[in-house]
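J.: got a structure for you, letters missing:
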């Protein structure tokens, strides 16, 4: 953007000074039409571009006026204009001109237009002009070097020809008044992967008679609309300038400088035209700044209202080539709400930065009614390599959820969009996505201390967290007293590569609340639909221990791309009746399956990848040898974030419970000799498989273990009978038991 503004200024200045020099050097009796032709020819020759002027008015006493001036683009851009002006008015002092000084009292441009284009190869649409000028300069230099004449030859040549060394008629050029009306300037950069565009529209600029600035302040005003890609930024300025050229002093008073909702005022004092001292005060309301956001971005945060007034003061000096400053930013009693609910209140504090780029500050607020205090220290914050910013955060109750709620959320895509994305979107991995540019910022170090932390339905106790963000990599270690136990969490996330990992350890926690909280924050493909884990909510009790490790290489669709493994153990617990157990009880008429199940141990390990969670070696039992209680179970299987599942469960009921179940089956299904199904230890096996999806679960009651028991137990009673009879008897029993 700076290069764009600089070039626009230089381009206009070069062309217009060229015009004034040519005009000032022509004989006073030259007709206007001939002068126009000479001027067009000279500009075309110097730039290598086609120039044109619709009309030229010239008055030796009043000045010159050009109408319809234009300089064309090169051929590859078609017949468009590179520079054009509806009117150029130049008024000068005729008496100063006769003395060799071109004093321009009025220099006015009406509807000037300049378009600058940076091509993919890095060249600009004005590079050919610079090439032409340089080529002519090189040719002239080469010509001088090739001519070797003596001083005597030169003198003789001058005497013979009457030639004299030519000097420019114009000794000095001074512009004392400038006006631009309805200026429009465009810059487009095609050299970046994403095309960048910047525009200045409706620029109006004026400065009064500079000659009188030593006697009285002169006025300067500016207003325009600046565009940067999709951002629309209003800009305006009013200032007064007082300068004494003889004393080499100057004063600038900025009455108002508004850019994108930020209003600044200040004073600048210049001494000896080399030393500068000043101060600038700025104020901005966040709501006003948000008004410049592009419509799509503004739509995402339409529910955010930030009534926060930020004030900034900078005092600065420049002397002997050194720049020094002190900057202080303050905020007082700011508020922020989300969907008309206040999230932040009494946001107050200040941050200071000095010339060494050291930072100190303190901020405080009520976050959802809870106090939060921040202390900030930084050093070399302008350096991405050695810069460091430290932030200490303390809160008696830290509201993570409401902080995240203030950030724009992705909208949930429709089913059609999801389907199209699966077909069209390429698989994202490190091989075909080599990573993003490295994040360049000072290192950020955060220490969080909170008496409690909550997120959605999750509430933690006393929490200590150390967080580091250095060169785009986030590392954190967190220790939490929660669920009547303790939790340790280590997290790493690399913004540059989108790689992340998380290690978690839970000790002696109350699993009831822990399971409920995990289910509430577990990533789901469709949050509106329940999964197998939702069936476990509010139904698991006991003392809990767990270790887990998760990792991934993309932040995109984490529910399907996260990988990990771990294991858990629950002791002295109880499993309340699950929906799955109630389904079995209803299907089989066995009430026991729909009741609570107490246990001494519940143990399992698991792994996760591609949205699929595998549960391995799941065991639930009582007694060290699984010989206590009424039930023991083993299971293995999987479930997915898309609500699919496939689990095989082997259960054994105690002799007492087995007899009750046998009697129940005998009464309801008119089955005799149910005792043939018992294991050797007197426990009754019962196996089933549940599969499909949560909304439409299917069951398979194949009983291979029970069949083997029947074979064995019947065989003991009828050793003298053939195996065929035993096999038929066993099958008849199973068919009678399950109607198969």
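T.: Happy to help now that I have it. Quick caveat, the model's predicted, so the values are computed rather than measured.

J.: for stretch 124-133, which outside residues touch it?
T.: Contact with stretch 124-133 is made by 7, 11, 46-49, 73-74, 77, 82, 115-119, as judged by C-beta atoms under 8 Å, 6 or more residues apart in numbering. Any C-beta I mention is one placed from the backbone N, CA and C, and that applies to glycine too.

J.: among the residues you listed, which one has the lowest pLDDT?
T.: Ranked by pLDDT, the contacts of stretch 124-133 bottom out at residue 7, which scores 54.

J.: in the sheet, who's paired with residue 277?
T.: Note on residue 277: beta-bridge partners by DSSP bridges are residue 269, residue 317.

J.: repeat that for the one 4 residues further on.
T.: Beta-bridge partners for residue 281, by DSSP bridges, are residue 265, residue 313.

J.: quick one: contacts for residue 207?
T.: Here residue 207 is in contact with 177-179, 218-220, 241 (criterion: C-beta under 8 Å, 6+ apart).

J.: one step back: what subset of the contacts of stretch 124-133 is buried?
T.: Neighbour-count burial (16 or more other C-beta atoms under 10 Å) is assigned, among the contacts of stretch 124-133, to 7, 11, 46-47, 49, 73, 82, 115-118.

J.: redo those residues as a markdown table? Include secondary structure and distance to residue 517.
T.: Listed next are these as a markdown table, based on DSSP: H, G, I helix; E, B strand; the rest coil; distance: C-beta to C-beta, whole Å:
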| residue | secondary structure | distance to residue 517 |
| --- | --- | --- |
| 7 | helix | 58 |
| 11 | helix | 63 |
| 46 | helix | 75 |
| 47 | helix | 71 |
| 49 | coil | 70 |
| 73 | coil | 64 |
| 82 | strand | 64 |
| 115 | strand | 59 |
| 116 | strand | 57 |
| 117 | strand | 56 |
| 118 | strand | 53 |
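
J.: most widely separated two among the residues you listed?
T.: 46 and 118 (22.8 Å; C-beta to C-beta).

J.: and the contacts of stretch 124-133, which is closest to residue 563?
T.: Looking across those and measuring by C-beta to C-beta, the closest to residue 563 is residue 118, at 43.5 Å.

J.: hmm, the closest one is touching residue 190, no?
T.: Yes - using C-beta atoms under 8 Å, residue 118 is in contact with residue 190, at 6.2 Å.

J.: can you list the strands that the longest strand anywhere in the chain pairs with?
T.: Taking DSSP state E as the criterion, the chain has its longest strand at strand 322-338. In the sheet, strand 322-338 lines up against strand 304-307 (antiparallel), strand 309-319 (antiparallel), strand 341-354 (antiparallel) (DSSP bridges).

J.: and which of the contacts of stretch 124-133 is nearest to residue 653?
T.: residue 118 (78.9 Å).

J.: which strand residues bridge that closest one?
T.: residue 124, residue 189.

J.: and it, how far from residue 231?
T.: 19 Å (C-beta to C-beta, to the nearest Å).

J.: contact partners for the nearest residue in space to residue 515 that is not next to it in sequence?
T.: Closest residue to residue 515 apart from its sequence neighbours, by C-beta to C-beta, 6 or more residues apart in numbering: residue 540 at 4.8 Å. Going by C-beta under 8 Å, 6+ apart, residue 540 touches 511-512, 515, 570, 573-576.

J.: in CSV: the residues you listed, plus pLDDT and distance to residue 461.
T.: Shown next, in CSV, are these (pLDDT from 0 to 100; distance: C-beta to C-beta, whole Å):
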residue, pLDDT, distance to residue 461
511, 80, 16
512, 76, 16
515, 70, 17
570, 90, 20
573, 88, 21
574, 85, 24
575, 78, 26
576, 75, 25
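
J.: which stretch among the strands paired with strand 322-338 comes nearest residue 109?
T.: It's strand 309-319; of the strands paired with strand 322-338, that one is closest to residue 109 (C-beta to C-beta) at 31.1 Å.

J.: am I right that residue 569 is in contact with residue 547?
T.: No - the pair residue 569 / residue 547 is not scored as a contact, 9.7 Å apart, by C-beta under 8 Å.

J.: just to revisit the earlier point, ChimeraX command to pick out the buried ones of the contacts of residue 207?
T.: To isolate the buried ones among those in ChimeraX, judged by 16+ other C-beta under 10 Å, type:
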select :177,178,179,218,220,241
